[in-house]
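Chemist: no sequence on this one, just coordinates:
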C-alpha cells in the first residue's frame, strides 16, 4: 500500500497553556496528512470532483491512541498509509513519531461520496473508482 510522510512543527497556537498540544489539533494534522496521501496517489480533490463527479472522501470514523505527549516547537513526523480498501470506503492509519518514538497512532475511515439531487448536502456512497484503488495500493497507471 502507498505511504506518505509529512514533517510538522508543533506551533504555539496548537498547544494548551502548559505547552502540550491540544488533542484536537492531532486530528487536523491527520486530515491534512490524508489529503497529502491522496494527492501523492494522484487523487486530488479538484480532480475527484471534476473528472469523476464525486464530492470527495468525508471522514465517517476516527480514533486515536495517545502514547507520548508532544510540545511546542517539537518536530514530528506523520507516516500515513491506507490499511484497508473496501468497495466504497477505505481506512487510513497515521503514525505520529517524536524523536523516532511512536507518540500517536490514529485511524480514519473515509467514504467515497457523490451529491444526489438538487438539495445541498444530500450525498450517497459510491464505489471507489478502480484506478484510485490501484493508486492507493501503490500501483502506477
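Modeler: Arrived safely, thanks for sending. Computed from a prediction, not measured in an experiment: that's the story for all the values here.
Chemist: Below-threshold pLDDT in this structure: ranges please.
Modeler: Applying pLDDT under 70 to the predicted model, the residue ranges of the chain that meet it are 141.
Chemist: For it, which segments are assigned as strands?
Modeler: Under the criterion DSSP state E, strands of the chain are mapped to 3-9, 59-66, 75-85, 89-98, 101-111, 113-115, 123-125.
Chemist: ok, the first one: who's next to it in the sheet?
Modeler: Just to be clear, that refers to strand 3-9. In the sheet, strand 3-9 lines up against strand 75-85 (antiparallel) (DSSP bridges).
Chemist: any residues touching the strand it pairs with, and which ones?
Modeler: Applying CB atoms under 8 Å, 6 or more residues apart in numbering, the contact partners of strand 75-85 are 1-10, 29-30, 33-34, 36-37, 70, 90-98, 103, 107, 128, 133, 136-137. To be clear about C-beta, it is placed using only N, CA and C from the backbone, and glycine gets the same treatment.
Chemist: go on, stretch 49-66?
Modeler: Contacts of stretch 49-66 (CB under 8 Å, 6+ apart): 23, 26-27, 30-31, 34, 38, 45, 48, 89-90, 103-115, 123, 126, 129.
Chemist: Separate out the buried members of those.
Modeler: For those, a burial check counting by 16 or more other CB atoms under 10 Å picks out 26, 30-31, 34, 38, 48, 89-90, 103-104, 106-113, 123, 126.
Chemist: For residue 79, give its distance to residue 39.
Modeler: 16 Å (CB to CB, to the nearest Å).
Chemist: out of these two, which sits in the more crowded spot?
Modeler: residue 79 (16 against 13; other CB atoms under 10 Å).
Chemist: Tell me which residue lies nearest the centroid of the protein.
Modeler: In the chain, the C-alpha nearest the mean C-alpha coordinate belongs to residue 34, at 2.2 Å (CA atoms, centre = their mean).
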